[in-house]
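Participant: how would this look folded up:
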Amino acid sequence: MNDKNKIFTKNCPTPERIALDIKSQGYFIYKNVIQREVIEDLRNFWLLYFGKISNNKVVRGNLILGEKNFNSYVDSSEWCLYRDFDFLWNKPTHKTTRRLNLEIHQLRNLAQGLPSDFGLTYSEDNYGFYGSTSNYPPCNGFLKIHSDGHNKEDIPILQFMVPITYKGYDYKGGGLVIINKEGEKVDVDVQMTVGSLVFFDGRLQHGVEKIIPSEGKEIGRIATFAVPTFFLTDKDIPFLFRWILSGYLRLKRECIL
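Facilitator: Reported below is the predicted structural model:
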């Protein structure tokens, strides 16, 4: 593979290094890890994408195996953000973003002592991941402090995040914070530069403080990551919903709708 087609630079940490850093500190910021050309591709696409989407669907849980990609918006007491959901069984919303999340997910698996393809193949418990690219709009975007976890505690969530816009340039205030093991609030975004990658234990409290735009700019906080989850299947969907859906599809096939 040519250098121009690579996702990572030579500074990419080994899985062993990531595991040690997370065990020691709970989070770690690795700088100059993602190729600059990759970030430029992401930035060009997502700034345009979030500049023109309109939403009628809210961010939610209970994602279903096989559903289509979608974008969403929600403004509540818990969070305010736009978000694109990219599922591996569909055509990617953006090819480079999909590939970036795939390769970092494989690195994450190895750092957790798992097979590199864990979550990338069919399994009886429907474990996998989806790509999430979020835009916290200027003046309003935020995410309440929280921690992450699965129903199955034997698979802790090792989160990662790659910024696409940057604190100190695109916005001057707010952004990702993590409460470290000593109970101190760490401003993560202020330390992130072009090509940076952060890993953190999802069980640590973390959130996104309200985004304050830089003077003369209307750009929010845009970042991408891959979210590990257990997808629902048809056996988890109530009978009434399946009945309504099957009726809709039948009518559509018959050209009634």
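
Participant: mind listing the strands in the stretch 1-150 of the chain by residue range?
Facilitator: Ranges of strands within the stretch 1-150 of the chain are 27-30, 70-75, 79-87, 127-136, 142-146, based on DSSP state E, counting those that start in this stretch.

Participant: and the longest one, what does it pack onto?
Facilitator: If I follow you right, that is strand 127-136. Applying 3 or more CB pairs under 8 Å, 6 or more residues apart in numbering; DSSP states H and E, we find strand 127-136 packed against helix 36-52, strand 79-87, helix 95-111, strand 221-230. The way it works is simple: take the backbone N, C-alpha and C, and place the C-beta from them, glycine included.

Participant: One more: the shortest one?
Facilitator: For strand 27-30, the contact count by 3+ CB pairs under 8 Å, 6+ apart identifies helix 15-25, strand 197-201 as packing neighbours.

Participant: Parallel or antiparallel, list what pairs with the shortest one.
Facilitator: Within its sheet, strand 197-201 is paired with strand 27-30 (antiparallel), strand 158-163 (antiparallel), according to DSSP bridges.

Participant: Can you list the buried residues in stretch 74-87?
Facilitator: For stretch 74-87, the neighbour count (16 or more other CB atoms under 10 Å) marks 79-87 as buried.

Participant: For stretch 40-58, give the mean pLDDT please.
Facilitator: If you average the pLDDT over stretch 40-58, you get 84.

Participant: ok, and for it, which residues are buried?
Facilitator: Neighbour-count burial for stretch 40-58 flags 41-43, 45-47, 49-50 (criterion: 16+ other CB under 10 Å).

Participant: now do stretch 135-154
Facilitator: Neighbour-count burial for stretch 135-154, with 16+ other CB under 10 Å as criterion, is recorded at 135-138, 141-143, 148.

Participant: Same check on stretch 83-101?
Facilitator: The neighbour-count check on stretch 83-101 (16+ other CB under 10 Å) flags 83-88, 92-94, 96-98, 100-101 as buried.

Participant: now the helix or strand hosting residue 172, how far from the centre of its chain.
Facilitator: Here residue 172, judged by DSSP states H and E, is contained in strand 171-179. Relative to its chain's centre, strand 171-179 lies at 16 Å (CA atoms, centre = their mean, to the nearest Å).

Participant: Mean confidence (pLDDT) on it, please.
Facilitator: Strand 171-179 comes out at a mean pLDDT of 98.

Participant: What residues does the closest residue to residue 206 other than its chain neighbours make contact with?
Facilitator: Nearest non-adjacent residue to residue 206, counting by CB to CB, 6 or more residues apart in numbering: residue 178, 4.6 Å away. The contact partners of residue 178, taken as CB atoms under 8 Å, 6 or more residues apart in numbering, are 26-27, 185-186, 188, 200, 204-206.
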